[in-house]
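Asker: What follows is a predicted protein model with its sequence.
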Amino acid sequence: MENMSESPVILNKHEVERLLSYEDLVPLLESAMGKFSKRDGSEIIQPVRSVVPIQQHNGFLGLMPAYLAAEGILCTKMVTFYQRPEGSSLPSTQAVVLLFHPERGNITAILDGEAITSKRTAAASAISAKFLKPDASEVLCILGSGQQAKSHYDVFTKLFAFKEVRVWSRRKEMAQVFVNDLQGPVRVCSSVKKAVMGADVIITATGSSQPILFGEWVKPGAHIAAVGACRPDWRELDDELMQGAVVYVDSREGAMAESGDIILSGAQIYAELGEVINGCSPAQRERTTVFKSLGNYVFQSYSLS
């Protein structure tokens with residue numbers, strides 16, 4: 001009988017943050033996204049995430065399994081996401097990732113999923129910007145001031161050169177706390193309209209369930225990376241923006257099941273981002289583009305030692 005008595009490796013949040021670099025993550029995730037969109041069934045098997053509603057506490061539990069046959073990776077992420085009351089100090093999302101031995105089925109590693117979730121989501125948005133943002137992009141706008149806002153700021157300012165970064169949050173004091181920890185030309189805006197007017201790249205990372213970003217405010221040709229509103233009845237973007245933009249997604253199946261921005265607006269999905277990476281669909285960066293991210297991607301293996 002095979003020896004399965006070894007205890008799994010356990011990595012806490014600080015260890016994951018130290019080991020998981022954008023330099024490693026971005027190119028590996030880009031490759032994984034391309035493989036996912038090939039749809040040949042041999043590269044990546046990843047069903048749409050299962051969601052368990054926790055209605056009495058305004059929360060959800062999401063289960064996200066995946067199997068990368070060629071790399072020998074069998075894993076699942078379990079994530080909770082909650083709509084917190086204003087002033088709450090609790091994070092809106094918390095997660096854990098389990099790695100399994102694909103041949104034996106035993107758990108080999110337990111990883112805190114908070115850093116993985118924030119960095120992976122931000123890396124996917126950065127990949128979308130690489131292909132879809134205007135060639136001359138000088139102004140970055142971030143709507144939100146939580147962990148996703150911070151991770152997006154980190155990777156976007158690492159990979160791209162912006163002359164100005166604008167930040168808006170429902171609570172101005174939280175936006176100011178967020179900005180105080182940053183370096184460079186960053187300023188807090190008093191309204192979404194003031195933040196987005198003239199911006200070349202806009203990131204929406206809010207807990208909103210109703211539209212906060214309106215098409216009439218968005219500069220033609222801008223790129224929007226929308227990472228909030230992960231339920232079929234939640235919105236961040238209005239109908240005018242969704243129907244007038246070229247819409248890209250991480251997963252067609254996932255977006256049509258979970259994205260209120262797409263379902264409720266009736267917007268047509270132009271392509272998966274993986275299809276752009278594979279060269280199967282063009283990147284229409286001269287048009288206004290939206291990348292609607294729902295987190296339906298696993299990252300490829302890399303050393304965590």
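Answerer: Noted; the coordinates are in hand. Residues are numbered from 1 along each chain as shown.

Asker: For the rest of this, base every contact and every neighbour count on C-alpha atoms.
Answerer: Fine.

Asker: Contact partners for residue 149?
Answerer: By CA atoms under 8 Å, 6 or more residues apart in numbering, the residues touching residue 149 are 142, 143, 205.

Asker: and residue 147, what does it touch?
Answerer: Shown in contact with residue 147 (CA under 8 Å, 6+ apart): residue 118.

Asker: Return the residues in contact with the nearest residue to residue 233 once chain neighbours are set aside.
Answerer: Distances taken as CA to CA, 6 or more residues apart in numbering place residue 260 nearest to residue 233, at 4.9 Å, with adjacent residues excluded. Listed by CA under 8 Å, 6+ apart, the contact set of residue 260 reads 229, 230, 231, 232, 233, 234, 235.

Asker: and the residue lying closest to the third one once chain neighbours are set aside, how many residues sit next to it?
Answerer: Residue nearest to residue 231 in three dimensions, not counting chain neighbours: residue 258, with 5.0 Å by CA to CA, 6+ apart. In terms of burial, residue 258 registers 20 neighbours under the definition other CA atoms under 10 Å.

Asker: swap in residue 269?
Answerer: 21.

Asker: So it is in contact with residue 251, correct?
Answerer: No: using CA atoms under 8 Å, residue 269 makes no contact with residue 251, being 9.9 Å away.

Asker: what about the longest helix in the chain?
Answerer: helix 113-132 (DSSP state H).

Asker: what ranges do the helices span in the stretch 201-305 of the chain?
Answerer: For the stretch 201-305 of the chain, helices defined by DSSP state H, counting those that start in this stretch occupy the ranges 239-244, 252-258, 260-263, 273-277.

Asker: neighbouring contacts of the last one?
Answerer: Going back to what we said before, that points to helix 273-277. 30, 33-38, 128, 131, 248-250, 281-283, 291.

Asker: Filter those down to the buried ones.
Answerer: Restricting the contacts of helix 273-277 to buried positions leaves 30, 33-37, 128, 131, 248-250, 283, 291, with burial counted as 16 or more other CA atoms under 10 Å.

Asker: Would you convert the residues you listed into JSON lines that also reports pLDDT and distance to residue 216?
Answerer: As requested, these are arranged in JSON lines below (pLDDT from 0 to 100; distance: CA to CA, whole Å):
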{"residue": "30", "pLDDT": "94", "distance to residue 216": "32"}
{"residue": "33", "pLDDT": "91", "distance to residue 216": "32"}
{"residue": "34", "pLDDT": "91", "distance to residue 216": "33"}
{"residue": "35", "pLDDT": "87", "distance to residue 216": "36"}
{"residue": "36", "pLDDT": "87", "distance to residue 216": "34"}
{"residue": "37", "pLDDT": "89", "distance to residue 216": "32"}
{"residue": "128", "pLDDT": "98", "distance to residue 216": "22"}
{"residue": "131", "pLDDT": "97", "distance to residue 216": "24"}
{"residue": "248", "pLDDT": "98", "distance to residue 216": "20"}
{"residue": "249", "pLDDT": "96", "distance to residue 216": "22"}
{"residue": "250", "pLDDT": "93", "distance to residue 216": "25"}
{"residue": "283", "pLDDT": "96", "distance to residue 216": "23"}
{"residue": "291", "pLDDT": "98", "distance to residue 216": "18"}
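
Asker: Checking residue 108 next. Helix, strand or coil?
Answerer: With DSSP: H, G, I helix; E, B strand; the rest coil as the basis, residue 108 sits in strand.
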